[in-house]
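Peer 1: fold the following for me, if possible:
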Amino acid sequence: MALTRMQLSQQQVRRLWRAAGYLLVAAVIVLSLVPDAPTPDRRGADKFGHLLAYGTLMLWFAQIHLRSKWLGVALLFTAMGVALEYAQGLLGARTFSLADMLANVAGVAIGWLAARAGCDGLLARVERWLGAART
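Peer 2: Down below sits the predicted model:
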């Protein structure tokens, strides 16, 4: 079966990107707070997960917001990472970790740097592949 391209309007595609981004945010929140979230067996490997999660969030939202909004996005994800670590400590099922908090912030910084380095055009490439009509 041949893969066919969909014809979507620019507005539809942007809504899709935002919805997917909000699902990513929800996944990070849920995985941060559920007691039985999967964790890597190797010591320190969870820090890579924090870097990856927050880097992905920052890079994703950097692609759907103008550069002038990136600082606000970065501050929101930094605050989210800090708040979730405190919430883990308060809820008791998980533990508060300053190292995890720092990994979250580092992930935001890595996502920002990746966007600045030119990775902020990834979603636009997908849009072109999908044939999104420019409106």
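
Peer 1: find the residue at the geometric middle of this protein.
Peer 2: Centroid-nearest residue in the chain: Leu57, 1.3 Å away (criterion: Cα atoms, centre = their mean).

Peer 1: please, which helix or strand holds that residue?
Peer 2: In this structure, Leu57 is located in helix 45-64 according to DSSP states H and E.

Peer 1: residues contacting the closest residue to Tyr54 other than its chain neighbours?
Peer 2: Spatial nearest neighbour of Tyr54, excluding adjacent residues (Cβ to Cβ, 6 or more residues apart in numbering): Gly107 at 3.0 Å. For glycine as for every other residue, the C-beta is placed from the backbone atoms N, C-alpha and C. Contacts for Gly107 (Cβ atoms under 8 Å, 6 or more residues apart in numbering) come out as 50-58, 81.

Peer 1: buried ones in stretch 113-130?
Peer 2: Using 16 or more other Cβ atoms under 10 Å as the test for burial, stretch 113-130 gives 114-115, 120, 123, 127.

Peer 1: can you list those residues in JSON lines and add secondary structure?
Peer 2: As requested, the buried residues of stretch 113-130 are exported to JSON lines (DSSP: H, G, I helix; E, B strand; the rest coil):
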{"residue": "Ala114", "secondary structure": "helix"}
{"residue": "Ala115", "secondary structure": "helix"}
{"residue": "Asp120", "secondary structure": "helix"}
{"residue": "Leu123", "secondary structure": "helix"}
{"residue": "Glu127", "secondary structure": "helix"}
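
Peer 1: which parts of this protein are helices?
Peer 2: Using DSSP state H, the helices assigned to the chain run over residues 10-33, 45-64, 70-91, 98-116, 122-130.

Peer 1: which strands and helices lie in contact with the last one?
Peer 2: Spelled out, it's helix 122-130. In terms of contacts (3 or more Cβ pairs under 8 Å, 6 or more residues apart in numbering; DSSP states H and E), helix 122-130 is packed against helix 10-33, helix 45-64.

Peer 1: what does the longest one give?
Peer 2: The elements that helix 10-33 packs onto, with contact taken as 3+ Cβ pairs under 8 Å, 6+ apart, are helix 45-64, helix 70-91, helix 122-130.
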